[in-house]
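[1] How does the following fold in three dimensions:
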Amino acid sequence: MHYLPTLRLFFQNSVSNDYRLRGDCAEFRSGEDPWRALDESDIKLHYRFNTEVGRWLSRYSLEGSHYRKIQLPRRA
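    All right, here's what the predicted structure looks like:
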């Protein structure tokens, strides 16, 4: 069985945000809401502020990774 790379962040009041890599895009959902693709501006924001999501995405954009095809913005 193949598992998609995922990240779950927990916040106060039992709220969680889920992130996953699916095909050639990164997706997000809050709680049990439907998944939506992160657009380039979402990803740039995570990189700019060096969030946990930005660091997680960086790990999957390293050379040789199966998920290298995900177009992540270059850091300034």
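
[2] how about the helices in the chain?
    40-48, 52-59 (DSSP state H).

[3] Which parts of the longest one count as buried, going by neighbours?
    It refers to helix 40-48. Across helix 40-48, burial judged by 16 or more other CB atoms under 10 Å covers 43, 44, 46, 47. (Glycine included, C-beta is placed from N, CA and C.)

[4] what's around the nearest residue to the third one once chain neighbours are set aside, how many residues?
    By that I understand residue 46. Excluding its sequence neighbours, the residue lying closest to residue 46 (CB to CB, 6 or more residues apart in numbering) is residue 54, at 3.6 Å. Residue 54 has 18 neighbours, counted by other CB atoms under 10 Å.

[5] Run a quick check on residue 54 versus residue 38, I expect a contact.
    No: using CB atoms under 8 Å, residue 54 makes no contact with residue 38, being 10.9 Å away.

[6] coming back round to it: OK, contacts around the residue nearest to residue 46?
    Counting by CB atoms under 8 Å, 6 or more residues apart in numbering, residue 54 touches 43, 46, 47, 48.

[7] And the residue of the chain positioned farthest from its centre, how far from residue 45?
    Distance from the C-alpha centroid of the chain, by CA atoms, centre = their mean, peaks at residue 13 (22.3 Å). Using CB to CB, to the nearest Å, residue 13 is found at 23 Å from residue 45.

[8] ditto for residue 38
    Residue 38 is 9 Å from residue 45, by CB to CB.

[9] Quick check: pLDDT value at the residue nearest to residue 46.
    The model reports residue 54 with a pLDDT of 93.

[10] Then residue 36?
    Residue 36 is given a pLDDT of 96.

[11] Test my guess that it contacts residue 30.
    No: Residue 36 is beyond contact range of residue 30, at 9.6 Å (criterion: CB under 8 Å).

[12] what sits in contact with each of these two?
    By CB under 8 Å, 6+ apart, no residue touches both residue 36 and residue 30.
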